[in-house]
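Enquirer: When you get a sec, could you give me coordinates for this:
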Amino acid sequence: MNISSMNMTIKIIILAGISLVLCSCTERSWNNPYPIEDDSRNIAYSYFDERPKHLDPVRSYSENEYVIHGQIHEPPLQYNYFKRPFELEPLTAVRMPELAFEDKNGKRLPDDAPDGDIAYSVYTIEIKPGIRYQPHPAFAKNDNGDYYYQSLSSDDLKSIQALSDFKQTGTRELVAADYVYEIKRMAHPGLSSPIYSIMADYIVGLKAYAELLKQEYKKRSGNQTVNSYLDLHAYPLAGVKTLDRYTYQIRIKGKYPQILYWLAMPFFAPIPDEVDKFYSQKGMKERNLVMDWYPVGTGAYMLSENNPNRRMVLEKNPNFRLDLYPTEGEKGDAEKGLLVDAGKPMPFIDKIVYVLEKETIPYWNKFLQGYYDASGISSDSFDQAIQFGVAGDVNLTREMQEKKIKLLTSIETTTFYMGFNMLDPVVGGDGERARKLRQAIAIAMDYEDMISIFRNGRGVASQGPIPPGIFGHREGVSGYNPYVYKVESGELKRRSLEDAKKLMADAGYPNGRDEKTGKPLLLHFDTTGAGSDQKSLWDWYKKQFKKIDIQLIIRNTDYNRFQSKVRTGNIQLYALGWNADYPDPENFLFLLYGPNGKVKYHGENASNYNNEEFNRLFEKMKNMTNTSERLKIIDRMLEIARYDSPWLWGFHPKKFVLLHDWYKNKKLGKLVQNGLKYARIDTNKRQQMRQEWNHPVVWPVWLMITIFVLAIVPATIGYRNKERRSMSGKN
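Expert: Okay, here's the model as predicted:
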């Protein structure tokens, strides 16, 4: 190395040190993953780990999709943000739907008419005037009133790759016909709506309508010169009609009060025919210009960016109407600060950014650094976030408390269970032998232990199919399963293994062997999954069965094969779960209703359970209002189901959510899909905390520079001395 090179190296080191000093003095953290111009903006940050498959509301039936739907699409009703149990209220509707009963001749009946006289229930829904859709090219018109983009050619689409490439946008008012149009789309043969079969049993004429559309769609699809778009306004549906600009009517067969709950779901949100026609044009699907990718609605937000390999962005709908934050909550909500914004216009947040995160650890670290506003708690990070008190109470760790992070918890309206195939000759049927075998297994399967080991205590063992928060669920000793638990000193205790083994012997399996053949009892559990965590759970299952001398064989397969086995009844035991579609006991008890059997009727009763008394009571109960009489019927149904034990009742999961101190107005409730319009971010506090938590650590760099300098300076001096001696010798 020559002298000039050494001098240059030293200069570089000095400049690097100066740069470090200057960078460490800047206010912005080095590890901030977002653009600097967004630092002070009113943006909320969250994540997703799987791309939403369907953003067309008539096709969507998945929880990760509803996170987006709820902010964009507005059905006529919504759930009150604060009230628990959940309570419906108008969203775009002026008031709750008006209900009238009719006989088979269409004659109006009194409100207290006997159920047997009611042939039709007619719901009349009036929506609020003045509601407008988000800006969208489907509505764009020129000065002559003609649409810009409703008759696009292949040449017109050459420069179009994303929705933002359309330069013109427009809007229009929400009208009743848009709601009617969406209901008709349930029967569209090209959409395969997941609730068509349910609604076809209730909405008058929907089955016939589906057949009509099937024929028309086939005609158009078969002719490649004709656009396959169906203008559904041209095909009347007997059970749904528009009365005037702001009023429409739905005609239901018999009584079905649960239709009100469906009216709070995206399936019943409005779809303008202009949007349907816009996306149906040739060449749009190839560019992902479809409703599944770019939904259109009247809600508080609109999807402005959909890049499922990177991020999804919701932005405030500039056409959103005046919508005020609630002024009343439940007892304790005001003390929690949930009513500070009472009466203020919503939404409070301008933009919501969802970032793709496939791994939990990077996501968790970003949350702790303040780059995500809220977080769930994975098993990997549970001990870092949560600690249990002596009495089993849940608390945040000191680290979380120092960051002023808040913990919200709630029991979800969800049931996870292990089911028996009641068609199986060993575990199924209504005989005493199989029933006692199922009851014995129910005792041995210690779900409290499973919740503790595999869910970090996040859940409660079930006493039946109905979760907390749903009418018919009874807490504690007033609603327990006496075939699995007993009461000791006022508390529930799982029955002993001795009780389970006695049931095994009574069933003809003493010590786990068939008393007739002497062969050990082998049972098969069909499941899906992979990974070490899943294998640990399977080992735990085997251990539970082994406690009563049953050998459990795990048959793991892919999801499609598993579904096929369930459909054909080629299983003995299986595990499934059910999230509430709506807060009514019918939505859980129908999973045990005989005519919903999976094998014979292709319904959701995967256990194929069929008890005549249970079925009769279900038919009586399902359309009743929540009265003491209905509760009495539900109690009897639960008594029957617990005795027959078609399920191991499993558990209801408990949700844990962590919020940074700057995230305001959050109240847990899975059924409330449009909750983001209530949320508020204190951006100043967030920016302050990010700076405090993300100071750059520069001392290791300074240490390396110092070591390098200490090493190079003596070498430089020695080299210079050597050069001088060499020069002196030459002279």
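
Enquirer: For the closest residue to residue 455 other than its chain neighbours, give the beta-bridge partners.
Expert: Distances taken as CB to CB, 6 or more residues apart in numbering put residue 653 closest to residue 455, at 7.1 Å, once the chain neighbours are dropped. C-beta: built from backbone N, CA, C; applies to glycine. Counting by DSSP bridges, residue 653 forms beta bridges with residue 459.

Enquirer: contacting residues for residue 659?
Expert: Under the criterion of CB atoms under 8 Å, 6 or more residues apart in numbering, the contact list for residue 659 reads 373, 374, 405, 406, 407, 408, 666.

Enquirer: nearest residue to it other than its sequence neighbours?
Expert: In space, residue 659 comes closest to residue 406 once its chain neighbours are excluded; the distance is 4.6 Å by CB to CB, 6+ apart.

Enquirer: Among the contacts of residue 659, which pair sits farthest apart?
Expert: The span of the contacts of residue 659, defined through CB to CB, is set by 373 and 407 at 14.5 Å.

Enquirer: The two: which is more packed in?
Expert: Remark: of residue 373 and residue 407, residue 373 carries more neighbours, 21 against 16, as counted by other CB atoms under 10 Å.

Enquirer: pretty sure the more buried one is touching residue 47, no?
Expert: No: between residue 373 and residue 47 there is no contact under CB atoms under 8 Å: 10.4 Å.

Enquirer: about what we covered before: any idea how many residues pack against the residue nearest to residue 659?
Expert: 17.

Enquirer: That one and residue 667: what is the separation?
Expert: 12 Å (CB to CB, to the nearest Å).

Enquirer: In stretch 528-545, which residues are buried?
Expert: By neighbour count on 16 or more other CB atoms under 10 Å, the buried set for stretch 528-545 is 529, 537, 538, 541, 544, 545.

Enquirer: correction: stretch 656-666
Expert: So, applying 16+ other CB under 10 Å, buried residues of stretch 656-666: 656, 657, 658, 659, 660, 662, 663, 664, 665, 666.

Enquirer: circling back: out of the contacts of residue 659, which sit inside strands?
Expert: The strands in this structure, assigned by DSSP state E, contain 374, 406, 407, 408 from the contacts of residue 659.

Enquirer: Surely the first one touches residue 46?
Expert: Yes: in this structure, residue 374 is within contact of residue 46 by CB under 8 Å, at 6.7 Å.

Enquirer: The stretch 501-650 of the chain: helices as residue ranges?
Expert: For the stretch 501-650 of the chain, helices defined by DSSP state H, counting those that start in this stretch occupy the ranges 532-546, 559-568, 586-589, 598-601, 612-621, 628-644.

Enquirer: Pull the distance from stretch 459-473 to the chain's centre.
Expert: In terms of CA atoms, centre = their mean, to the nearest Å, the centre of stretch 459-473 is found 19 Å from the chain centre.

Enquirer: and if you look at stretch 512-519?
Expert: From the chain centre to the centre of stretch 512-519 is a distance of 46 Å (CA atoms, centre = their mean).

Enquirer: tell me how far the ends of that stretch are from each other?
Expert: 9 Å (CA to CA, to the nearest Å).

Enquirer: Buried residues in it, which are they?
Expert: residue 512.

Enquirer: and if you look at stretch 43-57?
Expert: When neighbours are counted by 16+ other CB under 10 Å, the buried residues of stretch 43-57 are found to be 43, 44, 45, 46, 47, 48, 52, 54, 55, 56, 57.

Enquirer: does the fourth one sit in a helix, a strand or a coil?
Expert: Yep, that's residue 46 we're talking about. strand (DSSP: H, G, I helix; E, B strand; the rest coil).

Enquirer: The residue lying closest to it once chain neighbours are set aside and residue 672, how far apart?
Expert: Closest residue to residue 46 apart from its sequence neighbours, by CB to CB, 6+ apart: residue 354 at 5.2 Å. As judged by CB to CB, residue 354 and residue 672 stand 18 Å apart.

Enquirer: Please, where are all the strands along the stretch 301-450 of the chain?
Expert: Remark: strands assigned in the stretch 301-450 of the chain by DSSP state E, counting those that start in this stretch are 301-307, 311-316, 323-324, 345-346, 351-356, 374-375, 386-388, 394-396, 406-411, 414-420.

Enquirer: circling back to that earlier point, and the residue nearest to residue 659, what pLDDT?
Expert: Residue 406 is assigned a predicted lDDT (pLDDT) of 97.

Enquirer: how's this protein carved up into domains?
Expert: According to automatic domain parsing, the chain is divided into the following domains: 3-30+698-730, 36-57+298-404+660-695, 58-283, 414-655.

Enquirer: Give the rounded mean pLDDT of the shortest one.
Expert: When you say that, I think you mean domain 3-30+698-730. Rounded mean pLDDT across domain 3-30+698-730 is 61.

Enquirer: Low-confidence regions, this structure specifically.
Expert: Along the chain, the model assigns pLDDT under 70 to residues 1-27, 221-228, 697-703, 705-706, 708-710, 713, 715-716, 718-720, 723-731.

Enquirer: Let's see that with 80 instead.
Expert: Residue ranges of the chain with pLDDT under 80: 1-29, 220-228, 390-392, 530-533, 696-731.

Enquirer: need the contact list for the residue nearest to residue 659.
Expert: Going by CB under 8 Å, 6+ apart, residue 406 touches 658, 659, 660, 661, 663.

Enquirer: Let me know the closest of the ones in strands among the contacts of residue 659 to residue 298.
Expert: Checking the ones in strands among the contacts of residue 659 against residue 298 with CB to CB, the nearest one is residue 374 at 25.9 Å.

Enquirer: tell me the contacts of the nearest residue to residue 59 once chain neighbours are set aside?
Expert: With sequence-adjacent residues excluded and distances taken as CB to CB, 6+ apart, residue 59 is closest to residue 191, at 5.7 Å. Residues in contact with residue 191 (CB under 8 Å, 6+ apart) are 56, 58, 59, 185.

Enquirer: so can I have CSV of the residues you listed showing secondary structure and distance to residue 525?
Expert: Below are those laid out as CSV (DSSP: H, G, I helix; E, B strand; the rest coil; distance: CB to CB, whole Å):
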residue, secondary structure, distance to residue 525
56, coil, 36
58, coil, 36
59, coil, 33
185, helix, 40
